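*Asks:* Provide a 3D model corresponding to the input given below.
(one chain, ligands or ions: 1)
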Amino acid sequence: MRYSENKQAKTFRTVVIKSQVTEWLGRVRDEVSLYRHNKQNRKGVVSPDAQEIHVIKDALPQSTFDELLRHINENSSGLVRSEVEWRTGRAIGGHELKQGSLWPLLEYLTTESFLNRVRRHTKIHQLQLVPARDTNQISLLDYRGQPDDTDRAETISKEVPGDGISWHVDGSIYLGDRWAGILVLKEDTREENSKLELRPNGESLQLKKRDLINSLVLFRGDHVEHRVRPLNPSEHRIVLSLLFSPNPVMTKNPLLLRYQSRVNQIFYGNSAL
Ligand SMILES: [Fe+2]
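*Replies:* Residues are numbered from 1 along each chain as shown. Model prediction:
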């Protein structure tokens, strides 16, 4: 009897160890593939199967959208300005947004009700927001042109371009597919097309500005090249950036995490991940 019990316990232990090893090997495989993906990305190699773009109109209820815009126009505190070679602009990270007065208006975007709309539209039924500990889950980005001050020397406004981001693909710290969402709140520019420009399959795609206000543009930011064209004097653009994944498991690779942490520090003045 005792021999049989020992044998059963041993078999059980073996099964547990085997399943743990399988899980661990799967994790290592996913980490290696993410590492390779980021490395390929930097060389401009992207997947032709990840070039689709979705536009979800009326993302926020109209009354919420109107109130949000009112708040934003009245108060721009909390914005952190950053200037790096490939990007200039202001931003508020998710951690700060959640502590601020805008949050009651933004919270809807983190609800199942909104996520279900996104899932239905994209037909990606597992799509979720990345965890709230990632400040990029939801952040606010603010781009401005140089002040259009005619008293200033003309050279200042003519020669210094306004905020923007050069052509790039995003890095990823998630083992699952990464979906970037841009929800346009305000685009006061003199152009008909949005400053957000995408390059699916290497071909430039500009979207009509009027179709994008309160719309969520969803694309695989780590596979579709994109940029924000520099803003002209006195132009102003404010968007929310949301980050989704059907499998939002954050990497444990310390190099990738350190890189993301540095980017967060530059963008939001807060390196927390
Ligand atoms: Fe990007």
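
*Asks:* did I read that right, residue 72 in a strand?
*Replies:* No. Read with DSSP: H, G, I helix; E, B strand; the rest coil, residue 72 is helix and lies in no strand.

*Asks:* verify the contact between it and residue 239 for me.
*Replies:* No. Using Cβ atoms under 8 Å, residue 72 is not in contact with residue 239; the gap is 10.9 Å. Glycine gets a C-beta too; all of them are placed from N, C-alpha and C.

*Asks:* mutual contacts of the two, please.
*Replies:* residue 185 (Cβ atoms under 8 Å, 6 or more residues apart in numbering).

*Asks:* what segments of this structure are helices?
*Replies:* Secondary structure of the chain (DSSP state H): helices located at 2-42, 62-74, 94-99, 103-106, 112-122, 154-159, 209-212, 254-268.

*Asks:* which of those comes out lowest on mean pLDDT?
*Replies:* Across those, helix 154-159 has the smallest mean pLDDT, namely a mean of 52.

*Asks:* return the distance of the residue nearest to residue 38 when sequence neighbours are not counted relative to residue 239.
*Replies:* In this structure, residue 38 finds its nearest non-sequential neighbour in residue 171, 5.4 Å apart by Cβ to Cβ, 6 or more residues apart in numbering. Note on residue 171: its distance to residue 239, by Cβ to Cβ, to the nearest Å, is 19 Å.

*Asks:* contacting residues for the residue lying closest to residue 273 once chain neighbours are set aside?
*Replies:* Residue nearest to residue 273 in three dimensions, not counting chain neighbours: residue 261, with 5.4 Å by Cβ to Cβ, 6+ apart. Contact analysis of residue 261 by Cβ under 8 Å, 6+ apart lists 271-273.

*Asks:* and the closest residue to residue 170 other than its chain neighbours, how many residues sit next to it?
*Replies:* Distance criterion Cβ to Cβ, 6+ apart; nearest residue to residue 170, sequence neighbours excluded, is residue 221 at 3.9 Å. Counted by other Cβ atoms under 10 Å, the residues lying close to residue 221 total 22.
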